[in-house]
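[1] this one's structure only:
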Ligand SMILES: [Zn+2]
């Protein structure tokens, strides 16, 4: 199994008190290197302008790539652009694109992208929620446009709703977006009534819901929808902030829940997608939880 990361992802400087900090990525990559010595690590390439423009507006590329701030600037109360952020954002999106190329060409079956900034809140034209470019949306567009796939699914188990991924694809029937998330919580979207063109399925969970409700949401609603969609490629928005240790949410999962869900997702990918899974790190703000959950997730991908 392959993994992408890049040193530039550590240089995206959100400031001393920000939850989305370089230590997160250091914790994930160190834990994975310890647990899986045979994992094949590669440096992420940059996404190209053309790849980004399939899902993003020129105005967002201008903001992220051409602002060239001398110091940190706040794009919104949560989202920071630092001098090194453009390079990190290009590598984070480029990792997912390269991973899609790998699995579609049969170069790898499963790929994990250990990157930051995360992506799933970024909309077509707006960086938000710690996200600059929508890494997996760019990757899904690569699968459709470059490789001609007709059914690409994004499974998002981050504790926050992937509003950006949903908004980008809500009128695109070739992409299915499935999400469990805590509600109420940032960004206050992801109600069950949000269905796109029938390609969106949201299961909001109450604070404190815990393992049983989380597994039921996937077992009864989200996994059957994924199975029925028969994806040719499965992308996973892998946020680990639903863990009980996480300081930003209250969903109370543990590492076993991520292992279970990843196993279920892999089984569906094996049935319909030749086993092709690309997973990209989204949230997760407790370092110990990040270590345990990323290892549990990758073990189930292997
Ligand atoms: Zn999150």
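    Good, I have the coordinates. Bear in mind the structure is a predicted one, so any value in this text is a computation, not a measurement.
[2] surely residue 155 is in a helix?
    No. Read with DSSP: H, G, I helix; E, B strand; the rest coil, residue 155 is strand and lies in no helix.
[3] that one contacts residue 239, correct?
    No. At 11.3 Å, residue 155 and residue 239 do not qualify as touching, with contact defined as C-beta atoms under 8 Å. Bear in mind the C-beta positions are built from the backbone N, C-alpha and C, glycine included.
[4] neighbour count winner among those two?
    residue 155 (29 against 26; other C-beta atoms under 10 Å).
[5] the more buried one and residue 83, how far apart?
    34 Å (C-beta to C-beta, to the nearest Å).
[6] cool, and residue 203?
    40 Å.
[7] which residue of these two possesses the greater neighbour count?
    Set residue 203 next to residue 83 and count neighbours by other C-beta under 10 Å: residue 203 wins out with 20 against 16.
[8] packing partners of the helix or strand where the more buried one lies?
    In this assignment (DSSP states H and E), residue 203 forms part of strand 200-205. Contact partners of strand 200-205 among helices and strands, from 3 or more C-beta pairs under 8 Å, 6 or more residues apart in numbering; DSSP states H and E: helix 163-169, strand 175-182.
[9] now do the shortest one: distance to the chain's middle.
    Relative to its chain's centre, helix 163-169 lies at 12 Å (C-alpha atoms, centre = their mean, to the nearest Å).
[10] helix, strand or coil for the residue nearest to residue 101 when sequence neighbours are not counted?
    Among residues not flanking residue 101 along the chain, residue 142 sits closest, at 7.1 Å (C-beta to C-beta, 6 or more residues apart in numbering). Under three-state DSSP, the three-state class of residue 142 is helix.
[11] so residue 142 touches residue 95, yeah?
    No. At 11.7 Å, residue 142 does not count as touching residue 95 under the criterion of C-beta under 8 Å.
[12] which one's more surrounded, the two?
    Neighbour totals were compared for residue 142 and residue 95, and residue 95 leads with 31 against 26 (other C-beta under 10 Å).
[13] one step back: what is in contact with residue 155 and residue 239 at once?
    Residues touching both residue 155 and residue 239 (C-beta atoms under 8 Å, 6 or more residues apart in numbering): none.
[14] okay, now residue 19: neighbour count?
    16.
[15] show me what contacts the residue of the stretch 151-300 of the chain found nearest the ion?
    Residue nearest to the ion within the stretch 151-300 of the chain: residue 283 (2.7 Å; C-beta to the ion). For residue 283, the contact set (C-beta under 8 Å, 6+ apart) comprises 20, 118, 130, 158, 159, 160, 239, 240, 241, 248.
[16] now it: how far from residue 119?
    According to C-beta to C-beta, residue 283 and residue 119 sit 10 Å apart.
[17] same question, residue 192
    As judged by C-beta to C-beta, residue 192 and residue 119 stand 23 Å apart.
[18] mind checking which of the two has more residues around it?
    Neighbour count, other C-beta under 10 Å: between residue 192 and residue 119, residue 119 has more, with 30 against 12.
[19] which element is that one on?
    Per DSSP H and E: residue 119 is located in neither a helix nor a strand.
[20] check contacts around the residue nearest to it when sequence neighbours are not counted.
    Distances taken as C-beta to C-beta, 6+ apart place residue 135 nearest to residue 119, at 3.4 Å, with adjacent residues excluded. By C-beta under 8 Å, 6+ apart, residue 135 lies in contact with 92, 93, 95, 96, 113, 115, 118, 119, 280.
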